[in-house]
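Trainee: mind folding the following:
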Amino acid sequence: MFTENANRIFNRAIADYHLHDDVDHPISNPYEPATLDHLLYHKNWIDTVQWHLEDIIRNPDIDPVEALALKRRIDRSNQERTDMVEYIDSYFLEKYRDVKPLPDARLNTETPAWAIDRLSILALKIYHMERETERTDVDEAHRETCRRKLDVLLTQQKDLSKAIEELLEDIEAGRKYMKTYKQMKMYNDPALNPVLYGKK
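Mentor: Residues are numbered from 1 along each chain as shown. Alright, predicted model coming up:
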């Protein structure tokens, strides 16, 4: 199953990151370039680094200059994340390019890659919630609350994985079709962000 493999790759990327637990540690992608597995690993690595950048920037004692630099780094990371989603969708567009949609084929609310994006984030939530259940510096009530949240996250992962499998099956059978719009981000574009083009 596709999602079984994707979840395994996400877990590997998360585990590899936490060997060093350093947002500046370079990625070492173990999968063959130009493969879907390579894209999935890279996607989750971006998500994992950004997860920790988001933690760092919430430090109430952070230096404002450092916080601004981190915010801009997070913006760049968001752009890379969106680019990676589009690369993954391109893989599926190519894979299913010869499938002829049925006359009553429906359009899904999101593309496969955007659903996979949510699956990648879920893997991170599960990893970190599991760490919370293992903490020894908190009381049992905290660990129990986190165990309940972890159960919900695991159920969500199972349900989302099933939904992605069904979406891919529907696309392959022509019951649904893919349509991508490409990114329409405006805040990074100096021609579309009024703060940026107003400086000219």
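Trainee: quick check: chain neighbours aside, which residue is closest to residue 99?
Mentor: residue 174 (5.5 Å; CB to CB, 6 or more residues apart in numbering). Every residue, glycine included, has its C-beta placed from N, CA and C.
Trainee: does that neighbour touch residue 104 like I think?
Mentor: No. Applying CB atoms under 8 Å as the test, residue 174 and residue 104 come out as separate, 9.7 Å apart.
Trainee: compare those two (neighbour count), which wins?
Mentor: Under the neighbour definition other CB atoms under 10 Å, residue 174 and residue 104 were set side by side, and residue 174 has more, 15 against 7.
Trainee: just the pLDDT at that one, thanks.
Mentor: Residue 174 is assigned 98 on the pLDDT scale.
Trainee: what sits against it?
Mentor: Residues near residue 174 by CB atoms under 8 Å, 6 or more residues apart in numbering: 99, 100, 101, 102, 105.
Trainee: tabulate those (a markdown table), appending neighbour count.
Mentor: Formatted as a markdown table, these follow (neighbours: other CB atoms under 10 Å):
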| residue | neighbour count |
| --- | --- |
| 99 | 15 |
| 100 | 8 |
| 101 | 16 |
| 102 | 13 |
| 105 | 15 |
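Trainee: where do the strands sit along this protein?
Mentor: Applying DSSP state E to the chain gives strands spanning 106-107, 176-177.
Trainee: helices or strands up against the last one?
Mentor: On a contact count with 3 or more CB pairs under 8 Å, 6 or more residues apart in numbering; DSSP states H and E, strand 176-177 meets strand 106-107, helix 140-173.
Trainee: make JSON lines from these and add distance to residue 189 to it.
Mentor: Listed next are these as JSON lines, based on distance: least, CB to CB, whole Å:
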{"stretch": "strand 106-107", "distance to residue 189": "27"}
{"stretch": "helix 140-173", "distance to residue 189": "30"}
